[in-house]
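A.B. asks: Here is a sequence together with a model predicted from it:
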Amino acid sequence: MPDIVPAHSLSLYLCLAGCVAVTVLPKILPVTFLQGESLPSWFRRWLDFVPVAVMAALVGSEVFFYEGHFNLGLSNLFLVVSVPTLLLAWKSQNYFLTIAVGLGLVIAARASGLY
Amino acid sequence: MEAQSQPSPAIVGIKRALPIVLGYLPVGFAFGVLAVKNGIPPSVAVGMSVLMFSGSGQLMFAGLWGAQASSLSIIAAVGIVNLRYLLQSAAEAPWLSGLPRFQRFLLGLGLTDETFAVHVTALQKGWTRNLTTLFVCNHVAQLGWVGGAVLGAFCGGLVRDVRPLGLDYALTAMFLALLVLQCFSRLHVLVAVFTLVLAVGLKYLGMTQWNIALATIIGAALGAWLILRRDRHA
């Protein structure tokens, strides 16, 4: 990107600082300051479902909008690949195997010239 | 007692980190390549890997930055994705009780989905907590993550198009794998399906920056409400 202006990099650094804060604080605060189970129970229940909800929201937004457009058809490579990848993840419960096979399927599909 | 026959705690830590490193190298590489392609300088991309140490958060940052999203919506999206660390960090707290606060802080810095998973699994299987193993594992894992990012950020220029390498699918594949690992119960599956449909629907209606945050808050609230209601009837 040849035309990066200083204002652009300033906003990059500010954005980065904010992202570092929202990444590091949730990692360190509970383990550093929490003694026992002191969070209110409704909040713990809600927190329990945050990981699964956020992953589902992210997967949906990525898989159903191939190259920027809503696409439910076979021309949506990510949707087509995600079906066997999801089944493999379910059966194997293996994190890295799932990622490797998912990427492998995308590479194979594109190398074959179908996509 | 059997100190002679046991591998040293550092070796245990390295062994524990190895499968994580094998996964981090390619995903870190993907992040480095995508970050530079999306207009983030290589040095900043590497700095992010040191400071954030969060695959989903960093890939999200790179994607949204490239899509020219506003800084506030990027920080909000990264923050929402990383809310899960709150729970993992809270879940790790009882296992680390009795350690000085500063050491718990340092161990918190090394928390990722993967280090959390291997440590808590070992502890649940009866492993006696060992600080050297914990720190060595976390640092070797982060070394792999930063190493992958360095390769991707500085040598990624050799890669003209990320599509034939499938790197534009790396983040989705990671989320998909994490999603399935998070589905502990039928209720979790129900929340996943509901949130997925809601997020897709909101995006379809034109909400492209806040759909994930909003769908997550509502989806998790549905799960919490259902479980509190069930507890009340039980």
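C.D. replies: Arrived safely, thanks for sending.
A.B. asks: Just the helices from chain B, written as ranges.
C.D. replies: B:9-37, B:42-51, B:55-66, B:71-81, B:83-92, B:101-109, B:113-124, B:131-155, B:170-182, B:186-204, B:211-233 (DSSP state H).
A.B. asks: do the same with chain A
C.D. replies: So, for chain A - with DSSP H - the helices run A:6-33, A:41-63, A:77-92, A:95-111.
A.B. asks: Is it possible to get a markdown table of these that adds distance to chain B, mean pLDDT and mean neighbour count?
C.D. replies: For the C-beta atoms, the positions are set from N, CA and C on the backbone; glycine is no exception. Listed next are the helices of chain A as a markdown table, based on distance: least, CB to the nearest CB, whole Å; pLDDT from 0 to 100; neighbours: other CB atoms under 10 Å in any protein chain shown:
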| stretch | distance to chain B | mean pLDDT | mean neighbour count |
| --- | --- | --- | --- |
| helix A:6-33 | 4 | 90 | 18 |
| helix A:41-63 | 3 | 86 | 24 |
| helix A:77-92 | 4 | 96 | 18 |
| helix A:95-111 | 4 | 91 | 19 |
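A.B. asks: among those, which is nearest B:Arg104?
C.D. replies: For the helices of chain A, proximity to B:Arg104 was assessed by CB to CB; helix A:6-33 is nearest, at 5.1 Å.
A.B. asks: for that closest one, packing partners?
C.D. replies: Contact analysis of helix A:6-33 by 3 or more CB pairs under 8 Å, 6 or more residues apart in numbering or on different chains; DSSP states H and E lists helix B:42-51, helix B:55-66, helix B:71-81, helix B:83-92, helix B:101-109 as its packing neighbours.
A.B. asks: Could you dump these into CSV and include mean pLDDT, mean neighbour count and distance to chain A?
C.D. replies: Shown next, in CSV, are the helices and strands packed on helix A:6-33 (pLDDT from 0 to 100; neighbours: other CB atoms under 10 Å in any protein chain shown; distance: least, CB to the nearest CB, whole Å):
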stretch, mean pLDDT, mean neighbour count, distance to chain A
helix B:42-51, 96, 19, 5
helix B:55-66, 91, 23, 5
helix B:71-81, 91, 21, 4
helix B:83-92, 84, 22, 4
helix B:101-109, 95, 17, 4
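A.B. asks: can you tell which of these is closest to A:Pro26?
C.D. replies: Set against A:Pro26 and scored by CB to CB, the helices and strands packed on helix A:6-33 come closest in helix B:83-92, at 4.0 Å.
A.B. asks: From the chain's centroid, how far away is that closest one?
C.D. replies: Remark: helix B:83-92 is offset 11 Å from the chain centroid, using CA atoms, centre = their mean, to the nearest Å.
A.B. asks: And for stretch B:134-143?
C.D. replies: 15 Å.
A.B. asks: Tell me which residues of that stretch come out buried.
C.D. replies: B:Leu134, B:Phe135, B:Val136, B:Cys137, B:Asn138, B:Val140, B:Ala141, B:Gln142 (16 or more other CB atoms under 10 Å in any protein chain shown).
A.B. asks: Throw the residues you listed into TSV and include distance to chain A and pLDDT, thanks.
C.D. replies: Shown next, in TSV, are the buried residues of stretch B:134-143 (distance: CB to the nearest CB, whole Å; pLDDT from 0 to 100):
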residue	distance to chain A	pLDDT
B:Leu134	12	97
B:Phe135	14	97
B:Val136	18	97
B:Cys137	16	97
B:Asn138	11	97
B:Val140	16	97
B:Ala141	13	96
B:Gln142	12	97
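A.B. asks: Including distance to B:Leu214, could the residues you listed go into a markdown table?
C.D. replies: Converted to a markdown table, these look like this (distance: CB to CB, whole Å):
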| residue | distance to B:Leu214 |
| --- | --- |
| B:Leu134 | 37 |
| B:Phe135 | 38 |
| B:Val136 | 41 |
| B:Cys137 | 36 |
| B:Asn138 | 33 |
| B:Val140 | 38 |
| B:Ala141 | 33 |
| B:Gln142 | 32 |
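A.B. asks: And chain A, what are its domain boundaries?
C.D. replies: Split into domains by automatic domain parsing, chain A comes to A:7-38, A:43-111.
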